[in-house]
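**Q** 3D model of this:
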Amino acid sequence: MAVVIWLIIIACFILSFVGIIFPIIPSPLVLWLAFLAYFFFLNEAELTLLFWLAMVVLTIILVVSDIIANSYFVKKYGGSKWGERMAAIGVIVGSFVIPPFGIIVVPFLAVLVTELMQKRSTSDSVRAAIGSLFGFLGGSFAKIIIQLVMIVWFFMVVF
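**A** Next comes the predicted model:
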């Protein structure tokens, strides 16, 4: 039975990284399924209160990393406040529209259209929209790092 649980845990960890490319797979939820599988089926005593609190904090950061990164890069590349807001909304909507490409295309188009509607030049609008692409890449990189930290922390506690 323990081998089956460990296979489920490992599969969940791998699936959490697939969720970065296919946002329809909720990476934080999949990570938590792995932690809870270990807790309920293998050894509940090893996962301390500190572990659970750290995982809650890291999960919150993981969930908002795309939104924060997108808004930051749109702003850095000259986007307006509305462009930043639309980048954040675009990430959320894009997660459900034509996965995995929607999370790249929807924020880009949302920022581009928003900036053009504000009578900004085409080059400035495109530049802000490109910022949303960098935001996606930055958010994805942050998610990879955060997920690795969570998984490594789990193994450090368990072993």
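**Q** lowest confidence element among the helices and strands of the protein?
**A** helix 81-94 (a mean of 88; mean pLDDT, DSSP states H and E).
**Q** ok and the helix or strand just after it relative to helix 81-94, angle-wise?
**A** Per DSSP states H and E, the first helix or strand lying C-terminal to helix 81-94 is helix 102-117. Angle of helix 102-117 versus helix 81-94, following axes from the mean of the first three to the mean of the last three C-alpha atoms, to 10 degrees, is 150 degrees.
**Q** Dump the least confident helix or strand of the chain to PDB, keeping only the CA atoms.
**A** Only the C-alpha atoms of helix 81-94 are listed here, as PDB (Å, rounded to 0.1, in the frame of the first residue of the first chain):
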ATOM      1  CA  LYS A  81      -2.900  51.100 -14.700                       C
ATOM      2  CA  TRP A  82      -5.700  49.800 -16.800                       C
ATOM      3  CA  GLY A  83      -3.200  47.700 -18.800                       C
ATOM      4  CA  GLU A  84      -1.900  46.200 -15.500                       C
ATOM      5  CA  ARG A  85      -5.500  45.400 -14.500                       C
ATOM      6  CA  MET A  86      -6.300  43.800 -17.800                       C
ATOM      7  CA  ALA A  87      -3.100  41.800 -17.700                       C
ATOM      8  CA  ALA A  88      -4.200  40.300 -14.300                       C
ATOM      9  CA  ILE A  89      -7.700  39.600 -15.600                       C
ATOM     10  CA  GLY A  90      -6.200  38.200 -18.800                       C
ATOM     11  CA  VAL A  91      -4.200  35.700 -16.900                       C
ATOM     12  CA  ILE A  92      -7.300  34.500 -15.100                       C
ATOM     13  CA  VAL A  93      -9.500  34.300 -18.200                       C
ATOM     14  CA  GLY A  94      -6.600  32.900 -20.300                       C
END
